[in-house]
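[1] Provided below are the primary sequence and the corresponding predicted coordinates.
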Amino acid sequence: MEQSRLLPFMGLLLFSLIPGQPGEICEVREESYFLLSPLLNTITNSKPAVGTQAADALLSLRLVGIQNQTLLQPLSQQVRKEVGSKGSSLSSGQLALVTLALGACHTPDEIVIYDRRLLSQLENKFQAEIENMDAHDGRPLTTYYQLSLGALALCLFRGRYSTTQVADLFAPGNKNYYFHGHFVVDTGAMAVLALTCVKRDLIKGQTKVDSEDLRSIDNHIRSLVKKILSEKKKNGLIGNTFSTGIAMQALFISSEYYKESEWNCQQTLDTILKEIAQAAFTSPAAAAQILPALVGRTYLEVNKGSSCTSGLGNFSISSPKPTAPPEPPSHISVQYSVKIHEIYSTTVTVPRGSIFLDVMEEAQKKNRTLFGFTVEQSSWGPFITSVQGLKASSHDRTYWELLSNGSSLSQGVGNYVVHEGEDLEVRWSKY
């Protein structure tokens, strides 16, 4: 098509894709900020910070407008230390998270991104993910969530990436959006955030416009939003408790793709506040991820300084009150099994209030050959790396699945509290 004919067409396309007025964003009102105290205490009182946990916390606190430097400075120092000691060994998603945390709110930390050439490193790691997909049947080196987080960070901080690659990578039919045949809400939601950032840059002219890429990206967002909404539960949660925060962010920025009647934001908010009151967010990473959405913030606001001077501001974060020494706990009995090709079972007695990991440790004491396991720490808490010497492998897409009474658990081995008579299982699984 001749350029003189192409320009009017591009103008019409851009106009048709400019988002309309955003829908109403539900958020916790200022007089109810005290309801967020359990989240803030979980984020700030978790010591020492493990892995990129400090980056999770710093990003969340800055994004919601926390101004207390006594809280922020130690986290900033921890993130800087992480970059200095492990920068080159961080995965693409970890490096993206660190970049977002350091770049949030235009603080002096932002210079670290450029002094340490973090964007250049992230560009290389992002490309390595794509090359691994080309060579290994579409499998990234890490996960699609990390790939989306990398694309988001590159977009927000003007790193180099190909819009055509992004349009191809994040097509809604890609198998990496699915786990055991089910759509993974937080993976799809992070992709919506990344795609929306790229789309906005195309519309603003900050990235060279390709009409086909722009149309594809717009269609991808529309389809992914539809899939996210299809996972909405009757109580308003989207996917599960822990995926709802990122899903809310995605829906905040994509209201032109769905009708107001398709999502009751206030219901979702009310349900999450009930979950907070019931101590659902005991993991610092889970608390940090849900917090921004509850005050109407999204990761797309990371490099907008205005978002950092409002919100929770100098909201007082209370210290945990000292408690009286607990009475000796009563005990419960549970059934515990390991399933690989055969099933190996035992009955385990643990104190009431124990977590899944406690059960595994007790079983291991009884028979290390059948129930021996290894565990690693992550920002989301401990996760199982091997049982009976059989290691989980991202290359082979294998992992150790946690189940209770035959149903897969959404909480981790370090968070799930077990109950009397429960049938717990660790199963060798593929995704």
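    Perfect, thanks for sending it.
[2] which element follows the strand or helix carrying residue 399 toward the C-terminus?
    Element membership for residue 399, per DSSP states H and E: strand 398-404. Per DSSP H and E, the first helix or strand lying C-terminal to strand 398-404 is strand 407-408.
[3] That next one packs against which elements?
    Helices and strands touching strand 407-408, by 3 or more C-beta pairs under 8 Å, 6 or more residues apart in numbering; DSSP states H and E: there are none. C-betas here are computed from N, CA, C, even on glycine.
[4] Given that strand, what are its sheet partners and their directions?
    Using DSSP bridges, strand 407-408 pairs in its sheet with strand 398-404 (antiparallel).
[5] State the mean pLDDT of the strand it pairs with.
    Across strand 398-404, pLDDT averages out at 94.
[6] And the contacts of that strand?
    Contacts to strand 398-404, defined as C-beta atoms under 8 Å, 6 or more residues apart in numbering, come from residues 356, 384-387, 392, 408-409, 412-413, 416, 418, 422-431.
[7] now stretch 367-387
    50-53, 55-56, 283-286, 336, 338, 340, 344, 346, 357, 360, 363-364, 388-389, 391-392, 400, 402, 412-415, 426, 428.
[8] Would you write a ChimeraX line that selects the buried entries of those residues?
    The buried residues among the contacts of stretch 367-387 can be selected in ChimeraX (16 or more other C-beta atoms under 10 Å) with this line:
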select :50,51,52,53,55,56,283,284,285,286,336,338,344,346,357,360,363,364,392,400,402,412,413,414,415,426,428
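[9] Narrow the contacts of stretch 367-387 to those in strands?
    336, 338, 344, 346, 391, 400, 402, 426, 428 (DSSP state E).
[10] which SS state does the closest residue to residue 419 other than its chain neighbours fall under?
    Spatially, and ignoring its direct neighbours in sequence, residue 419 is nearest to residue 332 (6.9 Å; C-beta to C-beta, 6 or more residues apart in numbering). Following DSSP: H, G, I helix; E, B strand; the rest coil, the label given to residue 332 is strand.
[11] I'd assumed residue 352 was in contact with residue 332.
    Yes: the criterion here is C-beta atoms under 8 Å, and residue 332 meets it with residue 352 at 5.3 Å.
[12] Now list whatever residues contact both of the two.
    Joint contacts of residue 332 and residue 352 (C-beta under 8 Å, 6+ apart) are residue 420.
[13] Show me which of the contacts of strand 398-404 are buried.
    Neighbour-count burial (16+ other C-beta under 10 Å) applied to the contacts of strand 398-404 gives 356, 384, 387, 392, 409, 412-413, 416, 418, 422, 424-429.
[14] helix or strand right after the helix or strand of the chain with the lowest mean pLDDT?
    When each helix and strand of the chain is scored by mean pLDDT, DSSP states H and E, helix 3-17 comes last, with a mean of 40. Following helix 3-17 in sequence order, the next helix or strand is helix 37-44 (DSSP H and E).
[15] List the residues that contact the nearest residue to residue 122 once chain neighbours are set aside.
    Spatial nearest neighbour of residue 122, excluding adjacent residues (C-beta to C-beta, 6+ apart): residue 95 at 5.1 Å. Shown in contact with residue 95 (C-beta under 8 Å, 6+ apart): 87, 118, 121, 122, 125, 150, 153.
[16] Confirm that the last one lies within a helix, as I assumed.
    Yes: under three-state DSSP, residue 153 falls within a helix.
[17] re earlier: so which strand or helix has the residue nearest to residue 122?
    Going by DSSP H and E, residue 95 is in helix 92-103.
[18] If you count contacts, what does the next helix-or-strand element following that helix end up packed against?
    On the C-terminal side of helix 92-103, the closest following helix or strand by DSSP H and E is helix 110-115. Packing partners of helix 110-115 (3+ C-beta pairs under 8 Å, 6+ apart): helix 92-103.
[19] correct me, but residue 157 touches residue 103?
    Yes: proximity of residue 157 to residue 103 meets the contact threshold set by C-beta under 8 Å, at 5.7 Å.
[20] Give me the common contacts of those two.
    Common contact partners of residue 157 and residue 103 (C-beta under 8 Å, 6+ apart): 113, 303.
[21] Start and end of stretch 251-266, how far apart?
    Terminal residues of stretch 251-266 are spaced 13 Å apart (C-alpha to C-alpha, to the nearest Å).
[22] Please identify the buried residues of it?
    Of all the residues in stretch 251-266, those buried under the rule 16+ other C-beta under 10 Å are 251, 252, 253, 254, 255, 256, 257, 258, 263, 265.
[23] ok now that stretch, how far from the chain's centre?
    20 Å (C-alpha atoms, centre = their mean, to the nearest Å).
[24] One more: stretch 387-396?
    Worked out by C-alpha atoms, centre = their mean, stretch 387-396 lies 23 Å from the chain centre.
[25] Check stretch 235-255 too.
    Centroid separation for stretch 235-255 versus its chain: 11 Å, with C-alpha atoms, centre = their mean.
[26] Same check on stretch 176-196?
    How far stretch 176-196 lies from its chain's middle: 11 Å, per C-alpha atoms, centre = their mean.
[27] What are the buried residues along that stretch?
    Buried residues in stretch 176-196 (16+ other C-beta under 10 Å): 176-179, 183-196.
[28] show me what contacts residue 141?
    Residue 141 touches 91, 92, 128, 129, 132, 394, counting by C-beta under 8 Å, 6+ apart.
[29] Let's see the pLDDT reported for it.
    Reading off the confidence values, residue 141 has pLDDT 91.
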